[in-house]
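**Student:** Provided below for reference: sequence and predicted model.
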Amino acid sequence: MKLVIAATGASGTVYLQRLLAQIDGNKHEVHLVMSAHAKQVAATESDDFTIPSTIKQHSENDLNVPFVSGSARFDAMVIIPCSMATMGRLAAGTSETALLRAADVFLKERRKLILVPRETPWSLIHARNVVTLLEAGAIVLPAIPSFYSRPKSVTEVVDTVVWRVLDQIGLPNPSAYRWQAGSDAP
């Protein structure tokens, strides 16, 4: 698969970190774009934020990357975390950065665009932007964890969201907890 992973300035760097850790960069072509604010938040939230060496990193202002063109074939784009400011810019159709242009391309080409907001509560403006993006074809997957698997650590809680993202991308994850009626959690 060819994937674009992006991050904006919302809190939730741990979601990005865990997603990058669970995608095999040797089997899949993965491009990463982080906004300047995402980098600041990552530095604030984590002392050990690392990007796997197999991931290709790009500047948010480099419009000379392949995934900003509709003629380049990519399978999916995930913005994790996705700030409400980014959601608003996407809903308005602005494309002033590579990150925003790429998301716009994924929408216009009807490719899978997964947005993972972590913001709460939402204003009516946020809700309307989400509806606009849903109507345009985006998948909005809020960073809302599940607890069926009885997670024992923050990482295990975060992984319940990351597993849903991987499911949406179409990447198998054998460690993902799968609900079964009548089953007890591990």
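**Tutor:** Perfect, thanks for sending it. Numbers count the residues shown, from 1 in each chain.
**Student:** my read: Arg111 touches Asp75, true?
**Tutor:** Yes. Contact between Arg111 and Asp75 holds when scored by CB atoms under 8 Å: they sit 7.2 Å apart. C-beta here means a position set from N, CA and C on the backbone, and glycine is covered the same way.
**Student:** of these two, who's got more company?
**Tutor:** The neighbour comparison of Arg111 against Asp75 (other CB atoms under 10 Å) goes to Arg111, with 19 against 16.
**Student:** quick one: the more buried one from Ile139, how far?
**Tutor:** According to CB to CB, to the nearest Å, Arg111 and Ile139 sit 11 Å apart.
**Student:** and what of Pro117?
**Tutor:** 12 Å.
**Student:** Confirm that Ser71 sits in a strand.
**Tutor:** No. Secondary structure of Ser71 (DSSP: H, G, I helix; E, B strand; the rest coil): coil, not part of a strand.
**Student:** quick one: it from Glu109, how far?
**Tutor:** Ser71 is 9 Å from Glu109, where distance means CB to CB.
**Student:** the more surrounded of the two?
**Tutor:** Counted by other CB under 10 Å, Ser71 and Glu109 do not tie: Glu109 has more neighbours, with 15 against 7.
**Student:** Longest helix of this structure, counting residues only.
**Tutor:** What stands out as the longest helix in the chain, according to DSSP state H, is helix 154-169.
**Student:** tell me which residues in that helix are buried?
**Tutor:** Across helix 154-169, burial judged by 16 or more other CB atoms under 10 Å covers Val158, Asp159, Thr160, Val161, Val162, Trp163, Arg164, Val165, Leu166, Ile169.
**Student:** I am finished for the moment; much appreciated.
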